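Novice: Below are the sequence and a predicted model for it; my questions follow.
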Amino acid sequence: MTREIENIIKRLPEQDWWARRKAIADLLGYPEEEYFGYLEAGIRDHENANLRNAAMEVYKALGREALPSLTGLAKDADPEVRLFTANVLCSIGDKRSLPLLYTLMKDADANVR
């Protein structure tokens, strides 16, 4: 990960909506493969709601480009991660996510379903 991406990532969990939107826009200028790991960790973070929300916003902004990373998160052992993944997939609205959503609709956890 480059220093530029690291600096942008530090700004992502800002509480100020405008600052977060700017950080997301800046981040989208880089290849998503360089920061998917950070987004995945953000979705898994139970302590920092701002970080989790920012990660979800970045995934939504990426749209279909986020599907490879979201595919892994849809299989995560943590039901909250699967739930947030389902929410992001629905927000993206790409028909290629339907098989993943179908799988999540049959999830063992009622909240995920």
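Specialist: The structure has been received and is ready for your questions.
Novice: give me the number of residues near Asn50?
Specialist: Neighbourhood size, Asn50 [other Cβ atoms under 10 Å]: 14. From N, CA and C alone the C-beta is placed, and that goes for glycine too.
Novice: what does Arg113 give?
Specialist: Arg113, neighbours per other Cβ under 10 Å, totals 13.
Novice: What distance do you get for the nearest residue to Ala23 once chain neighbours are set aside to Arg82?
Specialist: Counting by Cβ to Cβ, 6 or more residues apart in numbering, Ala23 lies nearest to Arg11, which is 3.9 Å off, once chain neighbours are set aside. Separation of Arg11 from Arg82 (Cβ to Cβ, to the nearest Å): 28 Å.
Novice: ok, the two, which is more surrounded?
Specialist: Neighbour count, other Cβ under 10 Å: between Arg11 and Arg82, Arg82 has more, with 23 against 16.
Novice: Name the residues that touch stretch 2-17?
Specialist: Applying Cβ atoms under 8 Å, 6 or more residues apart in numbering, the set of residues contacting stretch 2-17 from outside is 1, 19-20, 22-24, 26-27, 30, 34-35, 38, 42, 48, 50-51, 54-55, 58.
Novice: rerun at 6 Å
Specialist: Arg20, Ala23, Asp26, Leu27, Tyr30, Glu34, Tyr35, Tyr38, Asn50, Leu51, Ala54 (Cβ atoms under 6 Å, 6 or more residues apart in numbering).
Novice: tell me the mean pLDDT over it?
Specialist: Mean per-residue pLDDT for stretch 2-17: 90.
Novice: Kindly check the end-to-end length of it for me.
Specialist: End-to-end span of stretch 2-17 (Cα to Cα, to the nearest Å): 24 Å.
Novice: heads up, I number from 878, so please use that
Specialist: Yes, from this point I'll number from 878; that puts the last item at stretch 879-894.
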